[in-house]
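Colleague: sequence first, predicted model second:
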Amino acid sequence: MEEALAGQSKRDFTAKMSISSKEARETKYWLRLLNESELTKLNVNSLILDIDELIRILTSIVKTSQQNLTKN
């Protein structure tokens, strides 16, 4: 997400935020696997809730950015 702040254009920003959203979804996948594997006693449920919120935020940013691109 830090890289998106240095985006060279609005289109670049949108693309990088989209990548961030995809990466957050992949992180959720790995957290779920870790949780279901029972290889560790870590409770990742709170992290999964956090990543869900982050995914919602990133998705909203991407949708708004895409809408703004089509307006211009």
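Modeller: Looks like it came in fine. From a predicted model like this one, the values you see are computed outputs, not experimental measurements.

Colleague: quick check: closest non-adjacent residue to the residue nearest the centre of the chain.
Modeller: Residue closest to the average C-alpha location in the chain (CA atoms, centre = their mean): Ser21, at 2.7 Å. Nearest in space to Ser21, with sequence neighbours left out and distances taken as CB to CB, 6 or more residues apart in numbering, is Leu58 at 4.0 Å. Where C-beta positions appear, they are placed from N, C-alpha and C, glycine not excepted.

Colleague: model confidence for the one you found, exactly?
Modeller: Per-residue pLDDT puts Leu58 at 96.

Colleague: please, which helix or strand holds it?
Modeller: Using DSSP states H and E, the element containing Leu58 is helix 45-71.

Colleague: what about that helix, distance to the chain center?
Modeller: 6 Å (CA atoms, centre = their mean, to the nearest Å).

Colleague: likewise stretch 64-72?
Modeller: On CA atoms, centre = their mean, the centre of stretch 64-72 falls 19 Å from the chain's centre.

Colleague: got a pLDDT number for the closest residue to Gln66 other than its chain neighbours?
Modeller: What sits nearest to Gln66 in space, not counting adjacent residues and going by CB to CB, 6+ apart, is Thr14, at 6.0 Å. The model reports Thr14 with a pLDDT of 91.

Colleague: buried sites along the one helix or strand Thr14 maps to?
Modeller: Element membership of Thr14 [criterion: DSSP H and E] is helix 10-37. For helix 10-37, burial by neighbour count (16 or more other CB atoms under 10 Å) applies to Phe13, Thr14, Lys16, Met17, Ser18, Ser20, Ser21, Ala24, Lys28, Leu31, Asn35.
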